[in-house]
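Asker: Just to be clear, the model below is a prediction. Sequence and coordinates:
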Amino acid sequence: MTEPDCKTLWMGDVQINWDEAYVSSLFDAVGHIPVVKLIRDKATGYPAGYGFLEFDSQEAAIDVLAALNGQPIPNTPHRFRLNWGAGGKRLEYMQKHSIFVGDLAGDVTDDVLFATFSAK
């Protein structure tokens, strides 16, 4: 279980042309607007591919993680990659599993795999 004060999420796959305002706007639809801290490459000043999102409460962070993780980011070919901002803090119901799938046809995309494995 997460600690009571854990309200920060990590966000991966942050694109080079995204800034804090844009990333913050991605959460308008869920009604929880985070304070965004993008980690930047010291040499270029561009986002290093990840950042941290601090929400008003742990409940808000839980809601966002449950609602958006793995979902498509509107108007982009990317998906939300979210996790707890502090190592080792995961909710018991948010288990992560890995599976290797090989020898796929060339026309099988990430979206096809995601749709196949998320169908219930």
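Answerer: Nice, thanks for sending it over. Residues are numbered from 1 along each chain as shown.
Asker: neighbours around residue 45, how many?
Answerer: By other CB atoms under 10 Å, the residues close to residue 45 number 7. C-betas here are computed from N, CA, C, even on glycine.
Asker: can you check residue 41 too?
Answerer: Counted with other CB under 10 Å, residue 41 comes out at 11.
Asker: what do you get for residue 9?
Answerer: Neighbours of residue 9 (other CB under 10 Å): 24.
Asker: cool, the one 4 residues further on as well?
Answerer: The criterion is other CB under 10 Å. On that basis, residue 13 has 14 neighbouring residues.
Asker: for the one 5 residues further on, same thing?
Answerer: The burial count assigned to residue 18 is 21, neighbours taken as other CB under 10 Å.
Asker: helices or strands up against the helix with the most length in the chain?
Answerer: With secondary structure taken from DSSP state H, the chain has its longest helix at helix 58-68. If you count contacts as 3 or more CB pairs under 8 Å, 6 or more residues apart in numbering; DSSP states H and E, helix 58-68 packs onto strand 8-12, strand 81-84.
Asker: what's the closest of those strands to residue 103?
Answerer: Comparing the helices and strands packed on helix 58-68 against residue 103 with CB to CB, the closest turns out to be strand 81-84 (25.8 Å).
Asker: Give the other helices and strands that the helix or strand following the closest one contacts.
Answerer: Counting by DSSP states H and E, the next helix or strand C-terminal to strand 81-84 is helix 110-118. For helix 110-118, there is no helix or strand it packs on, judged by 3+ CB pairs under 8 Å, 6+ apart.
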